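> A structural model of the following input is requested.
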Amino acid sequence: MFRLTDFSYHNRTVFLRADLNSPVKDGRIISDARFRAVLPTIIYLLEHGAKLVIGTHQSKPYKGDYITTEQHAEILGGLLGQEVEYVEDIFGKYAREKIQALKPGEALMLENLRFAAEEVKYKPIEDCEKTFFVRKLAPLIDYVVNDAFAAAHRSQPSLVGFARLKPMIMGFLMEREVQALTKAYETQEKPRVYVLGGAKVDDSLRVAENVLRNGRAEVILTGGLVGHVFTLAKGFHLGDSNLEFMERRSLLELVDWAEEILNEFYPYVRTPVDFAVDYKGERVEVDLLSEEKWLFDEYPILDIGSRTIEKYREVLMGAKIIVANGPMGVFEREEFAVGTVGVFRAIGESPAFSIVGGGHSIASIYQHNITGISHVSTGGGAMLSFFAGEKLPVLEAFKESYERFKGLLEG
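Numbers count the residues shown, from 1 in each chain. Just a heads-up that it's a prediction; the model follows:
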């Protein structure tokens, strides 16, 4: 795959596909974490005289955080200390004229790419190539740099459509992500511990099945809704109120799949031994085998309990490799952040090479100043797809582009 340092960018027009999709509250972006993650790539390109065209998506149509990229351009400009012009167009005449007017060392930000209908669907590379988006912009572009690891599991025009038409190059963030994830996945160092939490239960089941079946994990620790599903699969009852919640989320239909995984790999999948419920507005911990389990019938489980945190901590301190995705509970509420913070702190204190990913996980790490984690991944869904052993369309596109254009390096 092409690296950023392979080419000269002076006076060249570069389309940079970033992922600056950020949390929004009351119409304002409230975190610049993803902007900072891509800064080294942007600075490198501008310092080397590129004419930089930046594209990102923000949310999905009809959602509350589906906004223009005007703020994205402002935030990026503030971090760079130079103007990043917001262009209220994607591939129309106005956008193309603005791109052609760029001078070396200048940058512009295209409108939210998902304002273009073509960008909302997942299509194979050959279909993405034929879109108006690609056909209109390709003649103006010399190189494509992709630093959008968080979207690497998607096949859309801006992500893969240029790969066979122009050299597609990994940005510094993309390269760092791929190296870290590959190291964790392919290493033979043991024990390798996976911590699967959060709400992406089907994705987490795919990861569990893949790493256990292919001998890439010794232990899986579960929490969040992933933990709920495996706990039910082990035959424990989590109470009527929690079952009703899970039924509404269509999670009960995943219990059979979790049971199949347990039938094959039972000792390797650990589930919580106690949980914390919201009892009249307070955190109350309930042991799974205690008389107090009646509380599960009426009160929602919002976190793992202290005994589980301690057991998980012991496992994590002895690990050589740790891969973690998703929180242990509803960490947005301080009294139910105990499990997530406890587990992530243990990961940070462990001597293991550790990767933690997923938007909620990252938010929790920064919010509680957790340090010591080897690599914080910007991609939740992309990271889960990677560890599930699936081919990521963006990584496949990099390979295809390299094969097509590697002759340029020999010249």
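> Show me the protein divided up by domain.
2-170+391-410, 178-379 (automatic domain parsing).
> Reformat those as JSON lines; add distance to residue 385, mean pLDDT and mean neighbour count.
The way it works is simple: take the backbone N, C-alpha and C, and place the C-beta from them, glycine included. Below are those laid out as JSON lines (distance: least, CB to CB, whole Å; pLDDT from 0 to 100; neighbours: other CB atoms under 10 Å):
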{"stretch": "domain 2-170+391-410", "distance to residue 385": "4", "mean pLDDT": "97", "mean neighbour count": "19"}
{"stretch": "domain 178-379", "distance to residue 385": "7", "mean pLDDT": "95", "mean neighbour count": "19"}
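> For the stretch 201-350 of the chain, just list every one of the helices.
Secondary structure of the stretch 201-350 of the chain (DSSP state H, counting those that start in this stretch): helices located at 201-213, 224-233, 240-248, 255-265, 295-298, 306-317, 338-349.
> Ok, the stretch 1-150 of the chain next?
Counting by DSSP H, counting those that start in this stretch, the helices of the stretch 1-150 of the chain are 33-47, 70-80, 93-100, 125-129, 132-137.
> In terms of secondary structure, what does the shortest one contact?
On a contact count with 3 or more CB pairs under 8 Å, 6 or more residues apart in numbering; DSSP states H and E, helix 125-129 meets helix 157-160, helix 393-405.
> Return the alpha-carbon coordinates of the last one using PDB.
The C-alpha trace of helix 393-405 is given here as PDB (Å, rounded to 0.1, in the frame of the first residue of the first chain):
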ATOM      1  CA  PRO A 393     -13.400  -2.200   1.300                       C
ATOM      2  CA  VAL A 394     -11.000   0.700   1.900                       C
ATOM      3  CA  LEU A 395      -8.000  -1.600   2.600                       C
ATOM      4  CA  GLU A 396      -8.800  -3.700  -0.400                       C
ATOM      5  CA  ALA A 397      -9.000  -0.500  -2.500                       C
ATOM      6  CA  PHE A 398      -5.500   0.600  -1.300                       C
ATOM      7  CA  LYS A 399      -4.100  -2.800  -2.400                       C
ATOM      8  CA  GLU A 400      -5.800  -2.500  -5.800                       C
ATOM      9  CA  SER A 401      -4.500   1.100  -6.300                       C
ATOM     10  CA  TYR A 402      -1.000   0.100  -5.300                       C
ATOM     11  CA  GLU A 403      -1.000  -2.800  -7.900                       C
ATOM     12  CA  ARG A 404      -2.200  -0.400 -10.600                       C
ATOM     13  CA  PHE A 405       0.100   2.500  -9.900                       C
END
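> Would you mind pulling the contact partners of the following helix or strand past it?
Next in sequence after helix 393-405, counting helices and strands by DSSP states H and E, comes helix 407-410. Identification of contacts with helix 407-410 by CB atoms under 8 Å, 6 or more residues apart in numbering yields 6-7, 167.
> 6 Å - rerun?
residue 6 (CB atoms under 6 Å, 6 or more residues apart in numbering).
> now stretch 107-118
By CB under 6 Å, 6+ apart, the residues outside stretch 107-118 that reach it are 52, 54-55, 57-58, 68-69, 72-73, 84-90, 98, 119-120, 131, 133, 157-158.
> Likewise for stretch 32-41?
Outside stretch 32-41, the residues that touch it by CB under 6 Å, 6+ apart are 18, 20, 22, 75-76, 79, 147, 171-173, 378.
> Tabulate those (CSV), appending distance to residue 216.
Shown next, in CSV, are the contacts of stretch 32-41 (distance: CB to CB, whole Å):
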residue, distance to residue 216
18, 30
20, 32
22, 32
75, 38
76, 38
79, 37
147, 27
171, 27
172, 27
173, 24
378, 22
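> Residue 45: which of these is nearest?
Lowest distance from residue 45 to the contacts of stretch 32-41 (CB to CB) belongs to residue 171, with 8.7 Å.
> phi, psi of the closest residue to that closest one other than its chain neighbours?
Excluding its sequence neighbours, the residue lying closest to residue 171 (CB to CB, 6 or more residues apart in numbering) is residue 147, at 2.9 Å. Backbone torsions of residue 147, given as degrees, to the nearest 10, read phi -120, psi 20.
> Dump the helices of the stretch 1-150 of the chain into JSON lines; add distance to residue 401 as well.
Below are the helices of the stretch 1-150 of the chain laid out as JSON lines (distance: least, CB to CB, whole Å):
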{"stretch": "helix 33-47", "distance to residue 401": "17"}
{"stretch": "helix 70-80", "distance to residue 401": "25"}
{"stretch": "helix 93-100", "distance to residue 401": "21"}
{"stretch": "helix 125-129", "distance to residue 401": "10"}
{"stretch": "helix 132-137", "distance to residue 401": "13"}
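> Specify the stretch among the ones you listed that is closest to residue 398.
Across those, residue 398 has its closest neighbour in helix 125-129 (11.5 Å, CB to CB).
> Look at residue 411 and report its pLDDT.
Residue 411 carries a pLDDT value of 54.
> and residue 279, which of the helices of the stretch 1-150 of the chain is closest to it?
helix 33-47 (34.2 Å).
> now the angle between helix 70-80 and the closest one, please.
60 degrees (axes from the mean of the first three to the mean of the last three CA atoms, to 10 degrees).
> Over to residue 155. Which of the three states is it?
coil (DSSP: H, G, I helix; E, B strand; the rest coil).
> residues contacting the residue lying closest to residue 187 once chain neighbours are set aside?
Excluding its sequence neighbours, the residue lying closest to residue 187 (CB to CB, 6+ apart) is residue 321, at 5.8 Å. Neighbouring residues of residue 321 by CB under 6 Å, 6+ apart: 184, 187, 189, 192, 352-353.
> Could you list which of these belong to helices?
Judged by DSSP state H, helices contain the following of those: residue 184.
> Looking at the contacts of residue 321, which is nearest residue 396?
Nearest to residue 396 among the contacts of residue 321: residue 184, at 20.0 Å, using CB to CB.
> who's in contact with the closest one?
321, 323, 355.
> Make sure the last one is actually in contact with residue 378.
No: the pair residue 355 / residue 378 is not scored as a contact, 11.3 Å apart, by CB atoms under 6 Å.
> Mutual contacts of those two, please.
When contacts are counted by CB under 6 Å, 6+ apart, residue 355 and residue 378 have no shared neighbour.
> Backbone dihedrals for the residue lying closest to residue 58 once chain neighbours are set aside, please?
Leaving out its chain neighbours, the residue that sits closest to residue 58 by CB to CB, 6+ apart is residue 112, at 4.9 Å. Main-chain torsions, residue 112, degrees, to the nearest 10: phi -40, psi 110.
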